[in-house]
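> Structure, please.
(one chain, ligands or ions: 3)
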Amino acid sequence: MSNPANVKAALRSLEIETPSWAYGNSGTRFKVFAQAGVPRTPQEKIADAAQVHRFTGSAPSVALHIPWDRVDDFTELAKHAHDQGVRLGAINSNVFQDDDYKLGSVTNPDPRVRRKAVRHLLDCVDIMDATGSRDLKLWFSDGINYPGQDDLRDRQDRLAEALREVYDRLGPHQRMLLEYKLFEPAFYATDVPDWGTSYAHCVELGPRATVCIDTGHHAPGTNIEFIVAFLLRAGRLGAFDFNSRFYADDDLMAGAADPFQLFRIMYEIVRADALSSGIAFMLDQCHNIEAKVPAVIRSVLNVQEATAKALLVDRDALRAAQLEGDVLGANAVLMDAYNTDVRPLLAELRTEDGLDPDPVGAYRRSGYGERVVAERVGGQQAGWNA
Ligand code: PSV
Ligand code: MN
Ligand code: MN
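Numbers count the residues shown, from 1 in each chain. Ligands and ions are numbered 1, 2, ... in the order given. Below you'll find the predicted structure:
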């Protein structure tokens, strides 16, 4: 698709969901550097997310994390989001921040703890009913630190049982997204360590259970675009948690460390015509030392740039080269698209849509950052930094 009008139309359909926790204070286990003006409430996080949408036009929804974003009335919160020009997106469950979960949540050997964890997941579905959210995102920190600490297979049985109960509670238009992560906080064996484990549980559950790929959750060198291609083919790719990693689960701005990888991932999406097929393109990031709202804007722009380049791949030429066995020619077609400077195209698109062509600059000039520093005193920590 190299016709610029088609590329622009496809880019207009790209929606990126931003995480409420990206706007709050976060840090590493060594130190949280508090920033002035950070949101004190879920409402204020949503107000910041609305700024990202205002300047990019591409971030119309914000994901919540429960209980970090617990409020008394979620219907009211959804209305607040709507009034700000955004909507509430995925509900992320948190069964990792309670003393009871030391030995696991849904895979804990103690049935009482397992029940408490499942109860929380069911509560999250109640919240989805109130907010109108489609997606329940599950990430489990469950695992063990030492060989023999618990029975690997029993833990899979407990996991399957918990997932089944939650899956059966979903409404007809709701989905479950099962996220995996190689390690951390469990260091020896994690109960959902990879896409294969997530995929197998999803298949067992039913069609509304799909895999969430967090780009930071793999071993170094993992070919993530292969996972994308495989899951797309199997109809089980539900969502991304985009972020960038140099070493492990760094949670830095998407596309920062490896924009080429982000391009290769987005090319597989484009190749499958799946840009607006219901896959949730979310960010899962923490901005520990940089200003938060402009960092989220920058991340949205990085995803847009990678997508624009992916849309510019001459798929007919690529296919022809592949079928001819023209190794260098095929690679050149892909690289030509990647090496295109798409910033003028995106600036043009924004201008056509009544946006400032430079979203980060426009945000800075808006004075919003200074205003909230003056208005908000005593910011909140987003929660445990993952
Ligand atoms: C875990 O590392 C994770 O990626 C999950 O998505 C959590 O919900 C999130 O980070 C918390 O920041
Ligand atoms: Mn994640
Ligand atoms: Mn993570």
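
> Figure out the helix or strand that M335 lives in.
helix 327-338 (DSSP states H and E).

> buried sites along that helix?
Across helix 327-338, burial judged by 16 or more other C-beta atoms under 10 Å covers 330, 333-334, 336-338. To be clear about C-beta, it is placed using only N, CA and C from the backbone, and glycine gets the same treatment.

> Show me which of those residues is closest to ligand 2.
Set against ligand 2, the nearest of those by C-beta to the ion is Y338 (25.8 Å).

> can you pull the contacts of the closest one?
By C-beta atoms under 8 Å, 6 or more residues apart in numbering, Y338 lies in contact with 260, 263, 309.

> Go through those residues and flag which are in helices.
Here DSSP state H is the test, and the contacts of Y338 give 260, 263, 309 as lying in helices.

> Retrieve the pLDDT associated with the second one.
Predicted confidence (pLDDT) at F263: the value is 99.

> you'd agree it is up against A310?
Yes. Using C-beta atoms under 8 Å, F263 is in contact with A310, at 5.9 Å.

> and for those two, which residues touch both?
A337.

> what about the two, which has more around it?
Taking other C-beta atoms under 10 Å, F263 and A310 do not tie; A310 has more neighbours (26 against 22).

> contacting residues for that one?
Neighbours of A310 in contact, by C-beta under 8 Å, 6+ apart: 263, 266-267, 269-270, 337.

> tell me the two of those that are most distant?
Farthest-apart pair in the contacts of A310 is I269 and A337; separation 13.8 Å (C-beta to C-beta).

> Of the contacts of A310, which ones also sit close to ligand 3?
Among the contacts of A310, not one lies near ligand 3 by C-beta under 5 Å from the ion.

> And what about the residue most central in space within the chain, helix, strand or coil?
Central residue of the chain (C-alpha atoms, centre = their mean): D241, 2.3 Å from the mean position. Under DSSP: H, G, I helix; E, B strand; the rest coil, the three-state class of D241 is strand.

> Would you quantify the distance from it to T351?
31 Å (C-beta to C-beta, to the nearest Å).

> Would you agree L159 falls within a helix?
Yes. Assessed by three-state DSSP, L159 belongs to a helix.

> tell me the contacts of it?
106-107, 140, 142, 191-192, 201.

> and if you look at E268?
Contact partners of E268, counting by C-beta under 8 Å, 6+ apart, are 225, 228-229, 232.

> excluding its backbone neighbours, what's nearest P67?
In this structure, P67 finds its nearest non-sequential neighbour in N94, 6.1 Å apart by C-beta to C-beta, 6 or more residues apart in numbering.

> That neighbour touches R70, doesn't it?
No. The pair N94 and R70 does not pass the contact test of C-beta under 8 Å, sitting 9.8 Å apart.

> The two: who's more crowded?
Remark: of N94 and R70, N94 carries more neighbours, 22 against 14, as counted by other C-beta under 10 Å.

> Could you report the pLDDT at the more buried one?
For N94, pLDDT reads 98.

> For the residue of the stretch 1-150 of the chain found nearest ligand 2, grab phi and psi.
In the stretch 1-150 of the chain, the residue that lies nearest ligand 2 is W139 (5.8 Å; C-beta to the ion). Main-chain torsions, W139, degrees, to the nearest 10: phi -130, psi 130.

> Run a quick check on L163 versus S198, I expect a contact.
No. Judged on C-beta under 8 Å, L163 makes no contact with S198 at a distance of 10.2 Å.

> okay, and the common contacts of those two?
Listed contacts common to L163 and S198 are L178; contacts here mean C-beta under 8 Å, 6+ apart.
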